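J.: Requesting a structural model of the entry that follows:
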Amino acid sequence: MLHVLLGYVGGIGIDSTWLVIEGRPDFFDVTKRVHNHLYGGSGDGGPLGPSEHEIYAATLAPECDALTAYVRPGDIVVLHDPQTAGLAERAKKLGCHVVWRCHVGIEEQNEQSRLGWDFLRPYLESFVDHYVFTDPRFLPGWVPADRSTTIWPSIDPFAPKNQDMTPETAEAILTHVGLIAGREGDTAFTRTDGSPGSVERMCDIVRTGPPSAAETPMIVQVSRWDVMKDMIGVMDAFVTYTDGGRDAVLVLAGPVVSAVADDPEGVLVLQDCWNHWRALPHDVRKRVQLVCLPMDNLEENAAIVNALQRHATIVTQKSMAEGFGLTVAEAMLKGTPVVASAVGGIVHQVIDGETGRLIQDPTNLAGFGAALCEILDDDDLRRRLGEGARTRALETHLGDTHLRRWLRVVNSVLATG
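T.: Residues are numbered from 1 along each chain as shown. Next comes the predicted model:
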């Protein structure tokens, strides 16, 4: 998302630099805890007290020094998410305009989310000139509405994850990585720099028995191994309300957990999913696959996701809370209907009955399963929802719309000095 926007920004003559912070595991333990609190949960149940502030500030101190070498008075510094909030004070003291961009939150604040905002408030309130949120409902009470803007994230239609791909290539890729028993063939895609690439790596797959046939209907959820994505809930809805009598398989796919340094809970969530899968009856278990996608080559990873979302009969995003959920927009661009929870930014993407199905209560497994069955059993509905999904993604979730909204933020910040 960001590297595409920087390309657009450079194209209109604005010089920009993208910096990435470093952090120890204890720093990411703290920021993941904050992240979960902002979503209304308690995360690992740990505290957010003085010791956590000390870890947070100590980690960002050298990053503040690094920032000094890159910026000048009058520059605009855009900081993303809780991990970077502690850089706002230094950027402001260097004479910069400071924008803080938050991708996470919940629609109605609760005790847990307020604890998360209380942790971040001293790093932001006195130093940020403008706030950007994915949804206006995410704002805590101390953020001035007149200094905030809502901007939806966007996807790049030319990236390996979203570029056009024939059904034959998608089938060949999924056959190569071991997900289906289809026809082998060319696994080619175009890399970001325009050079040719091909999928060479394999997926780590937990399943019983051989892969399913290529023509078997496939329900797919692609997300991080995060408790808020509710992979276990997807599994239960499929097993209890969808699997019986239907020739369909479920694929729950996420990254190899060792490759995601800022998500220390990933391995625990994956372990919980595996334990839940092992407890399923054998004849049911063979229809459910847990898939860890290779991460040592991100463009191959993206091509595999592209193939999965295109081959899928339905893509799900059964989140308990969600900042936006770009996998929804990705699937919609490919003309794949989506069944998703009506939380966070998902409601700005899926129009119930037109581009997919929205489940108002994310804990409603029966409703979720019924929506899956409705689409699986009705070819005309599936085509209509898929066509509507692609049209909406093209109209609302591409980078040019995203860029125009950011330019309004830039002009506003410069105008208010």
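
J.: which SSE is residue 197 in?
T.: Assigning secondary structure by DSSP states H and E places residue 197 in strand 196-198.

J.: quick one: residue 122 is in a helix?
T.: Yes - secondary structure of residue 122 (DSSP: H, G, I helix; E, B strand; the rest coil): part of a helix.

J.: Number of residues surrounding it?
T.: 13 (other C-beta atoms under 10 Å). All C-beta atoms are positioned from the backbone trio N, CA, C, and that covers glycine.

J.: contacting residues around it?
T.: Applying C-beta atoms under 8 Å, 6 or more residues apart in numbering, we find residue 122 in contact with no residue.

J.: quick one: it from residue 296, how far?
T.: Remark: distance between residue 122 and residue 296 (C-beta to C-beta, to the nearest Å) = 39 Å.

J.: same check, this time on residue 242
T.: Distance of residue 242 to residue 296, computed by C-beta to C-beta: 34 Å.

J.: One more: residue 108?
T.: For residue 108, the distance to residue 296 - C-beta to C-beta - is 40 Å.

J.: do residue 16 as well
T.: In terms of C-beta to C-beta, residue 16 sits 28 Å off from residue 296.

J.: Likewise for residue 54?
T.: For residue 54, the distance to residue 296 - C-beta to C-beta - is 34 Å.

J.: what do you get for residue 344?
T.: 30 Å.

J.: So for the two, which sits in the more crowded spot?
T.: Taking other C-beta under 10 Å, residue 344 and residue 296 do not tie; residue 344 has more neighbours (26 against 9).

J.: how much space between the more buried one and residue 336?
T.: 20 Å.

J.: cool, and residue 326?
T.: With C-beta to C-beta as the criterion, residue 326 and residue 336 are 14 Å apart.

J.: same thing with residue 251?
T.: 13 Å.

J.: Now the common contact residues for these two.
T.: In contact with both residue 251 and residue 336: residue 312, using C-beta under 8 Å, 6+ apart.

J.: Show me the contact partners of the worst-scoring helix or strand of the chain on mean pLDDT.
T.: The weakest-scoring helix or strand in the chain, judged by mean pLDDT, DSSP states H and E, is helix 2-11 (a mean of 80). Helix 2-11 is contacted from outside by 16, 18, 80, 154, 156, 159, 399-400, 402-403, 406, using C-beta under 8 Å, 6+ apart.

J.: One more pass at 6 Å, please.
T.: Residues outside helix 2-11 that contact it (C-beta atoms under 6 Å, 6 or more residues apart in numbering): 16, 18, 156, 399, 403.

J.: can you give me the offset of that helix from its chain's centre?
T.: Counting by C-alpha atoms, centre = their mean, to the nearest Å, helix 2-11 is centred 20 Å from the centre of its parent chain.

J.: Alpha carbons only: can I get that helix in PDB?
T.: C-alpha atoms of helix 2-11 as PDB (Å, rounded to 0.1, in the frame of the first residue of the first chain):
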ATOM      1  CA  LEU A   2       2.600   2.600   1.000                       C
ATOM      2  CA  HIS A   3       5.200   1.900  -1.700                       C
ATOM      3  CA  VAL A   4       2.500   2.400  -4.300                       C
ATOM      4  CA  LEU A   5       1.500   5.700  -2.800                       C
ATOM      5  CA  LEU A   6       5.100   6.900  -2.700                       C
ATOM      6  CA  GLY A   7       5.400   6.200  -6.400                       C
ATOM      7  CA  TYR A   8       2.300   8.300  -7.100                       C
ATOM      8  CA  VAL A   9       3.600  11.100  -4.800                       C
ATOM      9  CA  GLY A  10       7.000  11.100  -6.500                       C
ATOM     10  CA  GLY A  11       5.200  11.300  -9.800                       C
END
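
J.: buried residues in it?
T.: Within helix 2-11, the residues that count as buried by 16 or more other C-beta atoms under 10 Å are 4-5, 8-9.

J.: Over to stretch 46-66?
T.: Quick answer for stretch 46-66 (16+ other C-beta under 10 Å): 48, 52, 55-56, 59-60, 63-64.

J.: try stretch 127-137
T.: 127-135.

J.: Output the contacting helices and strands for whichever strand or helix holds residue 63.
T.: Applying DSSP H and E as the criterion places residue 63 in helix 50-68. Packing contacts for helix 50-68, counted by 3 or more C-beta pairs under 6 Å, 6 or more residues apart in numbering; DSSP states H and E, involve helix 25-38.

J.: that older thread, give me the distance between whatever helix or strand comes next after the strand holding residue 197 and the centre of its chain.
T.: Following strand 196-198 in sequence order, the next helix or strand is strand 204-206 (DSSP H and E). With C-alpha atoms, centre = their mean as the basis, strand 204-206 stands 21 Å off its chain's centre.

J.: isn't residue 292 right up against residue 206?
T.: No - Residue 292 lies out of contact with residue 206 (C-beta atoms under 6 Å); the separation is 8.3 Å.

J.: Count residues in the vicinity of residue 287, would you?
T.: Residue 287: 22 neighbours (other C-beta under 10 Å).

J.: I'd assumed residue 324 was in contact with residue 345.
T.: Yes - counting by C-beta under 6 Å, residue 345 does reach residue 324; the two are 3.3 Å apart.

J.: Now for those two: what residues contact both?
T.: What both residue 345 and residue 324 touch, as defined by C-beta under 6 Å, 6+ apart, is the set residue 134.

J.: Which of these two has more residues huddled nearby?
T.: Per other C-beta under 10 Å, whichever of residue 345 and residue 324 has more neighbours is residue 345, with 25 against 22.

J.: Quick check: phi and psi on residue 250?
T.: Backbone torsions of residue 250, given as degrees, to the nearest 10, read phi -110, psi 130.

J.: Look up how far residue 210 lies from it.
T.: 16 Å.

J.: What is the burial count for the closest residue to residue 227 other than its chain neighbours?
T.: Leaving aside its sequence neighbours, residue 227 sits nearest to residue 269 (C-beta to C-beta, 6 or more residues apart in numbering; 5.5 Å). Other residues lying near residue 269 total 21 when counted by other C-beta under 10 Å.

J.: Quickly find the element holding residue 269.
T.: helix 266-278.

J.: So which elements touch the next helix or strand after that helix?
T.: Note on helix 266-278: by DSSP H and E, the next helix or strand toward the C-terminus is helix 282-285. Helices and strands touching helix 282-285, as assessed by 3+ C-beta pairs under 6 Å, 6+ apart, are absent.

J.: List the contacts of helix 282-285.
T.: Contacts for helix 282-285 (C-beta under 6 Å, 6+ apart): 208, 239.

J.: and what of stretch 385-398?
T.: 154-155, 329, 332-333, 335-337, 354-356.
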